[in-house]
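J.: turn this into a structure:
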Amino acid sequence: MRLEELMEYDNIVIQCHDNPDADALASGFGVYLYFQERGKKVRFVYGGQYKIQKSNLVLMISELEIPIEYVDSMEEPELLITVDCQYGQGNVTRFEAKEVAVIDHHQIGGELPQLNEVRGNLGACSTVVRELLLAEGIDFNYNKKLATALYYGLMTDTNNFTEISHPLDKDMRDDAIVERSTITRFRNANLSLQEMEIAGNALLNYAYNETYRYAVVEAAPCDPNILGMISDLMLEVDAVDTCLVFSVLPFGVKISVRSCVKEVKASELAEFITKGIGSGGGHLEKAGGFIQQELILPECERKGYPKTTEGIEKLLIYRMTDYFDDIEIIDTDDYQADLSGMELYKKKSLTLGYVEATEVMPKGANALVRTLEGDLDVEIRNDIYIMIGIKGEVYPIMKDKFEMGYKRLNTPYQFKGEYKPIIRDNKEGNNISLIPHAKACFSTGESYIYVKQLDHRVKVFTPWDEEKYMLGKEGDYLAVRKDDLHDVYIIEQNIFAETYERVNG
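T.: Numbers count the residues shown, from 1 in each chain. This next block holds a predicted model:
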């Protein structure tokens, strides 16, 4: 997507996520200036339960003259653009609009509108906005306040640039002509005295689980960004692999989640903690969420905990322990499949799609393949194909296994799913549609697997990606190829029912 494509709209609202951080403010500011300077009627807003309070953000808004407004309702605009977030997600207040666009750098959390620019491989949304401006021939340094904002947004979202890996992030860091003294003021205003006391008191009082190496910390009511800072500090403790920091507010409970081990995705843990009582999500290492007061208090009562802050802490500790108790981790490198209790199934005769990986990306490139059970990073090789399933789900397969289970057809592949599948170039950050490259194939029914339905959560580390796992939930299926007992993977419950049939006898 290009910003130029959005110029047909005259009444535009730019919205960042609730509880904005510096990256949200900066990226929204950049998009705002683009349309404002071209004569459009444009506003920059955010919603949520409370207004920006954090000292450095208040100073940033004032010093850089960022025209952001807090709103709890507004008239329906022609176009609503969400920045640093995705429309419909739990961390952004939903406002109605005639058309929606998304500009973001987080992993895709659901179905995106047609108008979108999501670059999940970049360190900050500020870099995405800079690239959008460059595509229109605009150097972000034309406005020193904007350059300073985008620089600071990247700095804060990448832990003072320590988490930068993409060349585009490095380019923005190095190319920005910023007000250095202003950046220094922002950094020195990161904590108020009261917030320092809140962080200090929180770190002195924590619950620790030695078996699972997690910590749960309560913080006094504060800006959610302070929760993230406390989480980051807690994760620096050598005995802590994951942590949850929470703050009980008048309208609910805000949580911050961190993980430094590959066996736990912070986004998945946040989703698990808030399931049924709120919403959560985020990055692999950093995530957060919100729990509704009207849901967590009855849940405390059902568990026999008091409907107090103490009871809320007990419930969160219970859910953290339950997360680790109710999980099995499978590493296919050394996994010996136990076929007892598993049943033999074979692939139904179905017409599917396939793509030879080297037809969409060069050999040796690194691609993200988005499966229903999790994202996998795959090195492109001549012997790798990408399959397209009946619901648009995609998964990698070795060429020799493809040849054994499928027959190529001389007819075009007719895609019928709701979501057109893509793979992502991890270096360039481009989404590549698979449909134009897809060919039709027919399942011969010669692909056999042993399966068992899961009654607990399972994480499978496949040979495709040693750092990310496929997640199987209760009701999904654990599958083992009959001809390769080390080929273990997860099949989503509804997909399994439509694609496999039991082998009698």
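
J.: pLDDT weak spots in the stretch 51-200 of the chain?
T.: For the stretch 51-200 of the chain, applying pLDDT under 70 flags the ranges 107, 109, 159, 162-163, 165.

J.: all the strands of it, residue numbers only.
T.: 68-70, 79-83, 99-104, 115-118 (DSSP state E, counting those that start in this stretch).

J.: could I get the ones you listed as JSON lines with distance to residue 435 and mean neighbour count?
T.: To be clear about C-beta, it is placed using only N, CA and C from the backbone, and glycine gets the same treatment. Shown next, in JSON lines, are the strands of the stretch 51-200 of the chain (distance: least, C-beta to C-beta, whole Å; neighbours: other C-beta atoms under 10 Å):
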{"stretch": "strand 68-70", "distance to residue 435": "39", "mean neighbour count": "15"}
{"stretch": "strand 79-83", "distance to residue 435": "26", "mean neighbour count": "27"}
{"stretch": "strand 99-104", "distance to residue 435": "21", "mean neighbour count": "23"}
{"stretch": "strand 115-118", "distance to residue 435": "17", "mean neighbour count": "20"}
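
J.: including distance to residue 241, could those strands go into a markdown table?
T.: Output for the strands of the stretch 51-200 of the chain, formatted as a markdown table (distance: least, C-beta to C-beta, whole Å):
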| stretch | distance to residue 241 |
| --- | --- |
| strand 68-70 | 37 |
| strand 79-83 | 32 |
| strand 99-104 | 28 |
| strand 115-118 | 29 |
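
J.: closest one to residue 298 among these?
T.: Closest to residue 298 of the strands of the stretch 51-200 of the chain, according to C-beta to C-beta: strand 68-70, at 30.2 Å.

J.: remind me, longest helix of the chain?
T.: helix 309-325 (DSSP state H).

J.: which parts of the very next helix or strand once past that helix are buried?
T.: Note on helix 309-325: by DSSP states H and E, the next helix or strand toward the C-terminus is strand 327-331. Within strand 327-331, the residues scored as buried using 16 or more other C-beta atoms under 10 Å are residue 330.

J.: next one: stretch 187-206
T.: Neighbour count says stretch 187-206 has 189, 190, 191, 192, 195, 198, 199, 202, 203, 206 buried, by 16+ other C-beta under 10 Å.

J.: low-confidence stretches in the stretch 201-350 of the chain?
T.: 225, 282.

J.: just the helices in it please.
T.: Secondary structure of the stretch 201-350 of the chain (DSSP state H, counting those that start in this stretch): helices at 224-235, 266-274, 293-302, 309-325.

J.: okay, buried residues for the last one please.
T.: Along helix 309-325, these residues count as buried under the neighbour rule (16+ other C-beta under 10 Å): 311, 312, 313, 314, 315, 316, 317, 319, 320, 323, 324.

J.: of the residues you listed, which pair is most distant in space?
T.: For those, and using C-beta to C-beta, no pair is farther apart than 311 and 324, which are 21.1 Å apart.

J.: export the helices of the stretch 201-350 of the chain as a markdown table, with columns for distance to residue 91.
T.: Shown next, in a markdown table, are the helices of the stretch 201-350 of the chain (distance: least, C-beta to C-beta, whole Å):
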| stretch | distance to residue 91 |
| --- | --- |
| helix 224-235 | 10 |
| helix 266-274 | 10 |
| helix 293-302 | 17 |
| helix 309-325 | 19 |
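
J.: relative to residue 68, which of the ones you listed is closest?
T.: The closest of the helices of the stretch 201-350 of the chain to residue 68 is helix 224-235. By C-beta to C-beta, the value is 15.4 Å.

J.: on that earlier part again, figure out which of the helices of the stretch 201-350 of the chain is closest to residue 242.
T.: Of the helices of the stretch 201-350 of the chain, the one closest to residue 242 (C-beta to C-beta) turns out to be helix 266-274, at 6.6 Å.

J.: what angle separates that closest one from helix 224-235?
T.: Put simply, helix 266-274 runs at 110 degrees to helix 224-235, going by axes from the mean of the first three to the mean of the last three C-alpha atoms, to 10 degrees.

J.: quick one: list the elements packing against helix 266-274.
T.: strand 242-249, strand 252-259, strand 278-282, strand 286-292, helix 309-325 (3 or more C-beta pairs under 8 Å, 6 or more residues apart in numbering; DSSP states H and E).

J.: mind redoing it with 7 Å?
T.: Applying 3 or more C-beta pairs under 7 Å, 6 or more residues apart in numbering; DSSP states H and E, we find helix 266-274 packed against strand 252-259, strand 278-282, strand 286-292, helix 309-325.

J.: count the residues that sit near residue 114.
T.: When neighbours are counted by other C-beta atoms under 10 Å, residue 114 registers 9.

J.: quick check: the gap between it and residue 28.
T.: 21 Å (C-beta to C-beta, to the nearest Å).

J.: is it true that residue 116 touches residue 99?
T.: No - the pair residue 116 / residue 99 is not scored as a contact, 11.8 Å apart, by C-beta atoms under 7 Å.
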